[in-house]
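# How does the following fold in three dimensions:
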Amino acid sequence: MPIDLPNLLTLSRIAAIPLLVVLMFLRTPVGDILACVVFSVAAVTDYFDGKIARDRGIQTAFGRMLDPIADKLLVGAALMLLAGLERLSPLGLLPAIVIMLREILVSGLREYLAGLRVGLPVTRLAKWKTGFQMGSIGVIVAGDSGASVIGLDFLPISWMGEAGLWVAAALTLVTGWDYMTAGMRHAVAQDAAPRSAPETGLG
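Residues are numbered from 1 along each chain as shown. Below is the predicted model of the structure:
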């Protein structure tokens, strides 16, 4: 396993998950704001690990494999915590479900296309989706109780976070459809490709 700064940053997102769980289970204003800080710092590493790897020319196959896994683990854990601890309203559950299903869809497509040696590049719109998604989840993790710790209790923090989550879900549907159509094109092309005649064993 290549140990360099980008990969360490990626691994830190996974390492942050147990701490996030503990802090959110405290169900205290201080715990919520600290959980928001942990999630936000972990989310920011998603930008810096890729940037550092590109700038220093140290991109590795291990890093390319681990990066999307770390993202999905962090987002999935946060959304399940928010749902399980009833930190999302019934309407807020809907975009969370959309986001989770999209992550499963893209993971399946990547696995299929990897067998064809075809990459699934991240689009610019997908990066915007990730930004809205991470930001919104972080705001909901802080919640109204966490906002009171830093004197922002006059703002509808939870409502603002869920509104952002709806924006992320809308972008999720668009990017998910883009990825799905790209995967379908390759699947159709694969089915249409001529197959070699089966060997009969006679001769």
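
# Every contact and neighbour count from this point should use C-alpha atoms.
OK.

# Burial check on the closest residue to residue 171 other than its chain neighbours, number of neighbours?
Spatial nearest neighbour of residue 171, chain neighbours left out: residue 129 (5.5 Å); criterion: Cα to Cα, 6 or more residues apart in numbering. Residue 129 sits with 23 neighbouring residues when counted by other Cα atoms under 10 Å.

# starting at the chain centroid, how far to the longest helix along the chain?
With secondary structure taken from DSSP state H, the chain has its longest helix at helix 157-192. Distance, stretch centre to chain centre, for helix 157-192: 12 Å (Cα atoms, centre = their mean, to the nearest Å).

# Just list what that helix packs against, helices and strands only.
Here helix 157-192 touches helix 90-115, helix 124-149, going by 3 or more Cα pairs under 8 Å, 6 or more residues apart in numbering; DSSP states H and E.

# and the last one, what does it pack onto?
The criterion is 3+ Cα pairs under 8 Å, 6+ apart, and the helices and strands that helix 124-149 contacts are helix 29-56, helix 61-84, helix 157-192.

# Could I get the buried residue list for the second one?
By neighbour count with 16 or more other Cα atoms under 10 Å, helix 61-84 contains the buried residues 63, 67, 69-72, 74-79, 81-83.

# about what we covered before: of the helices and strands packed on helix 157-192, which shows the lowest average pLDDT?
Of all those, mean pLDDT reaches its minimum on helix 90-115 (a mean of 85).
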